[in-house]
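J.: using only what follows, build the 3D model:
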Amino acid sequence: MRKITRIKCLIVVLLTFIGTLAPVHAQQSGNFEISGVVKDTSGEPVIGATVIVKNTQIGTTTDVDGKFKLKVPRKSLLQISFVGMKTKDLKVTNNTFYEITLEDESVLLDEVVAIGYGTQSKATVTSGVVSVKKAELMSSVSASPLNNLQGKVAGLDIRQTTGQPGAQPVVLIRGGSTDPANDSPLFVIDGVVRSNMNGLNQEDIESMEVLKDAASAAIYGAKAANGIILITTKQGSSKDGKATISASYRLGVEQIRQHYPFSGARDYLYASRLAGSRGINDANVSGRLEGGAYPYSTGNINYKNGALEGYGYSRFTTEYLDDLISNMGQSYVDDLLNRQGYETMTDPYSGKQLIFKDNHYQKDVLFQTALTHNYDLSASGGNDKGNYYVSLGYINSEGIVLGTGYDRFSLTANGNYNLRSNLKLTVGLKHSTISNKATDPENSGTSTMDRSSRYPTTFRLYYDDGTPGIGEAGGSPRNRLHELYYQDISDKAYRNTIQLGLDWEILKGLHFKPSASYYMQENIYRFFEKYNEFNKGRKTLEKHDQYKQIMADAVFTYDKVFSDKHTLNAMIGMNYTQDDTYKLKGTGSEAPTDYVPTLAPTKPDLQRTTSSLDKEVLVGFFARVNYDYKRRYLLTVSARYDGASQFAEDHKFALFPAVSGGWNMHYEDWFPKTVVSRMKLRASWGQTGNNKLSYSNTQGEYASYIYAGNPGVLNSVLANNSLVWETTSNVDYGFDAGFFDNRLELSVTGYNKLTSDRLYDKALPAQTGFSSIKANLGTVQNKGFELSLTAHPLSTTSPVSWDVTGTFSMNRTYMKKLPYNGRDKNRVQGGLVWDAKSGTYVETGGLAEGERIGGRWGYRYLGVYDTDEEAAKAPVDTKVSGSKMNKKKVAGDAIWADLDNNGVIDDKDITFIGWANPDKKGALINNLSYKNFSLRLVVDFALGHSIANIWRCRANANARNAIITTTDVTNGNIWWQTGDAATAKYPRYDVASDWDNGYRNHMRTIAYAGMNSNGNADNTAYYSKGDYLCFREVSLGYELPRSVCSKMKVKGVSLNAGVTNIGYITAFDGLNPEQYDGQETGEYFLPIQFNFGVRLTF
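T.: Residues are numbered from 1 along each chain as shown. The predicted structure follows:
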């Protein structure tokens, strides 16, 4: 009953909302004076527009501000017109003020969307195509075109997992499968196939189309299994031959939104030395607390590392005050205390005075306020002979992590030229140069962000000679200042695209469109580390990767309308794509000098050089037919036949068919349009493919090998010549509807996507000599539905315009089919756990037929043993390791649920915690405008995932003996003494690592493969729900009035300011709930961004 009541309430709310959109008719008569303003779609006033009472002589024209006044009869009909714009009729009501928007004549035409090798009227599209136009992209203040798609397209998952400047978000269409890194869609930029959008300037984009289902994407066949994003760049205008010049500047200011709740150095030292003094995890108390080995240790006056000797060159600043005075002198210590910010405190271990320095590393050194400067200049124009568009762009972006950044220069030039009345030439040129500064490009930033960002703040920033201190050690968490001082890193990418195409109208409606493109990308990476105390070998690395792509298409199209009823569009063509990849890598060390940072001076016998060549060829033949009858009954049939060189001879070719149909019910004569103004039913089925593998997967690979001093060749990749195409079949069904003259638009879609013969790295037994082999592994299913709702709630006569769009999608991924292996559900990985319902052990986890993918499992945390007596009764914990195996648990240790009540804690006691991926996502986008002002508000949300707070777990466990504590050690969350168990959230803290020293109170793992997050926090103490509501963007825009612009001798001036990534409402106790791998470990944080921009049009 409760559920039925909720449904009734939802229906009432929806009907009430719809009712507010219905027009209110006044029942009055007589003449009265009205006023108003006439604007174009960009908000500019229309000067000289005619405003008359229809079928009368009563009328006027608008002034220089687009305003008018007029006495009119009540209930009369106004007609507003202007040359080049659509005439609009408006009924006079009781309102005295009217804001009227006129559309360009071009808007009268049907909206056209790109569909791959062509375009189609949106009204007759029957597959899953969503178009996002330039105006929608430019309404956001973000400079990233992919991030600007956030929330606009239901079923498109944009995952912003890092704040590294220039980093592309993870993009998934309708869910992934088992490998999100390889499930990104295909990008097609002006017909050129690309794996990403790196280097493309958002200012150059005219529109982006998202092809979500197989019926729309099947025309791209082999590479379309994960969907398609089509990008069309801007072209010139052919109206009057005059050039339009646009110049813009955008300033961005980025800051870390929230810091980890790390302790200050004083609390860190107190907690660490107090815990260490108890000698529980390590009985050698003096050695640990006074040996100078750890950030909480004294004994640093005895430091020695080669030529670096004494306290001023020690890694850590902690020392007994008396010992330091005795060793270094009173004046030296006075300088530290009075001028260098050192502090003292009473040691809870010895009772002596400690001296130390809190370097505030995370807040004052590692992170910074970052600036972004974005400049763009473009010119476009044309006449009846052709048109052009040229743009230059430059972006210089600092990162919020010290020493990181991103520079990009871009050039785009597009031209269309009418060689004859029936022959048009199209040319395109794109270039970008990118310089990337990451924390550690070769290791994806893990060294700095995942480890040194949590380093205790008692380490020495600078030695006494002014050079940066190392931090912990060369291969461990390092001082970022040390990295920047000694490491010389250059990471550059060069991208060039050249395109040529013809459009020859052979006969009326029959076109031949040949085209060719050449794309080249070069990545040049160089690393050199100068001689320093922990890396004395002057390591050198150089890489040069070159990728070339040649594409050629030959396409015939035919368009014909028969008897004004039957519309036919047919297309047939072929494609040839050749990809060549060359990689060169060289390493060396022990150069004699820091002044030549290349491989040349390194020792010849330590130099290693490798290179590789790879060539892939794809040949495709494709055809498509679109038919409609009076725009009512719609049918599309397509097919593509692809051959890929990577597959073995018997499996090179595959066919990818598709069919879709639709019914525009509102074009039927009998269809009532009183409430429902538009209704289209649609359904589709199609197949797409995936050929993401290399020659080595089907033919094997061999590498050089030295055995007993003799060179040889070793089989390094095991061949599998039975590999077949990965194929995705998709059934799509739904409807698109408009209500109240399309003031309310609703689109609902359901789908079932099956990916069979999934290409997968199958693990092999160690005795084979290979870790894995590429194989076809089963069938993965993605099923779900999508909803998009757009409303224009306010009347057209209102001075305020309000457009609101809401999107919602639900997707779940299941393993549908696996190769037979004799286990229940042919399970791969996983293991036995106790099932309370059946009272037996059951297999779970890993991958199994019929089960959802992405579950997270762990030990159930019940609290803390408050006394030694309670702890002595604990079950035997098999996860405790090393010498601690035979030790009894003590007060403060964790209580783990013994689910099978056998007196033993082992992997059979783990329980289901949650899902790594949210199954529900959505967004709400509000655009409001009043006169020349515009306001944009964007929120988005995700529901259904759980996240392990890895950084908190590792801090509370002192995971590497060198992690700073959190405020948990001082705010009562950590158990310290008997009586704390009632309120403590976490077990005791100990200075000797809970992980390395074997107690496993915080950090626990599961031996079963495929059941954990691999973050060592596989227990419920550190998991929480990841559901969030994100306040993604607030921005304000202003367009200078046209009258002001004319005085400035410009066509238009626009100003904007906004904030993105503002914050979250979430139960997750970490920093970023946008985690979809089940854990937050300490990534490059997503910053809050403040943006300010100006655009001038001449």
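
J.: which pLDDT value belongs to residue 177?
T.: Per-residue pLDDT puts residue 177 at 55.

J.: let the chain start at 219 from now.
T.: Happy to do that; since the first residue is 219 now, the last one works out to residue 395.

J.: domains in the chain, as residue ranges please.
T.: 248-323, 326-453, 1042-1315 (automatic domain parsing).

J.: tell me the most buried of those?
T.: Highest mean neighbour count among these (mean count of other C-beta atoms under 10 Å): domain 326-453, with a mean of 22. In short, each C-beta sits where N, CA and C put it, glycine included.

J.: from what I see, residue 329 and residue 340 are in contact.
T.: Yes - using C-beta atoms under 8 Å, residue 329 is in contact with residue 340, at 4.4 Å.

J.: so where is the stretch 719-868 of the chain shaky, pLDDT-wise?
T.: By pLDDT under 70, the stretch 719-868 of the chain has no low-scoring segment.

J.: the strands in it, which residues?
T.: 728-747, 758-780, 784-806, 826-847, 851-862 (DSSP state E, counting those that start in this stretch).

J.: and of the ones you listed, who's closest to residue 1086?
T.: Across the strands of the stretch 719-868 of the chain, residue 1086 has its closest neighbour in strand 728-747 (50.1 Å, C-beta to C-beta).

J.: overlap in contacts, residue 329 and residue 340.
T.: Common neighbours of residue 329 and residue 340, using C-beta atoms under 8 Å, 6 or more residues apart in numbering, are residue 349.

J.: so what's the residue nearest the centre of the chain up against?
T.: Nearest to the mean C-alpha position of the chain, by C-alpha atoms, centre = their mean, lies residue 387 at 2.4 Å. Residue 387 makes contact with 362, 364, 365, 376, 377, 378, 379, according to C-beta under 8 Å, 6+ apart.

J.: reformat these into TSV and put distance to residue 773, secondary structure and pLDDT next to each item.
T.: TSV is the format used below for the contacts of residue 387 (distance: C-beta to C-beta, whole Å; DSSP: H, G, I helix; E, B strand; the rest coil; pLDDT from 0 to 100):
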residue	distance to residue 773	secondary structure	pLDDT
362	32	coil	77
364	28	coil	83
365	33	helix	80
376	32	strand	85
377	35	strand	81
378	37	coil	80
379	38	coil	76
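
J.: format the strands of the stretch 719-868 of the chain as CSV; extra columns: mean neighbour count.
T.: Listed next are those as CSV, based on neighbours: other C-beta atoms under 10 Å:
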stretch, mean neighbour count
strand 728-747, 18
strand 758-780, 16
strand 784-806, 17
strand 826-847, 16
strand 851-862, 20
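
J.: can you check which of these gets nearest to residue 1257?
T.: strand 728-747 (37.6 Å).

J.: name the helices or strands packed onto the closest one?
T.: With contacts taken as 3 or more C-beta pairs under 8 Å, 6 or more residues apart in numbering; DSSP states H and E, strand 728-747 sits against strand 410-412, strand 705-725, strand 758-780.

J.: helices of the stretch 569-718 of the chain, residue ranges please.
T.: 698-704 (DSSP state H, counting those that start in this stretch).

J.: got it, and the stretch 369-518 of the chain?
T.: Secondary structure of the stretch 369-518 of the chain (DSSP H, counting those that start in this stretch): helices at 432-435, 483-495, 503-508.

J.: winner for burial among those?
T.: For the helices of the stretch 369-518 of the chain, the highest mean count by mean count of other C-beta under 10 Å goes to helix 432-435, at a mean of 32.

J.: export stretch 955-969 to CSV, keeping only CA atoms.
T.: Output in CSV follows, covering the C-alpha atoms of stretch 955-969 (Å, rounded to 0.1, in the frame of the first residue of the first chain):
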residue,chain,number,x,y,z
ALA,A,955,7.0,13.1,-27.2
GLY,A,956,6.1,16.8,-27.0
PHE,A,957,3.4,18.4,-24.9
PHE,A,958,1.7,21.8,-25.1
ASP,A,959,3.2,22.9,-28.3
ASN,A,960,6.5,21.2,-27.3
ARG,A,961,6.9,23.3,-24.2
LEU,A,962,7.4,20.0,-22.5
GLU,A,963,9.5,17.4,-24.3
LEU,A,964,10.0,13.8,-23.1
SER,A,965,12.3,11.1,-24.4
VAL,A,966,12.3,7.5,-22.9
THR,A,967,14.5,4.7,-24.1
GLY,A,968,15.1,1.1,-23.0
TYR,A,969,17.9,-1.1,-24.3
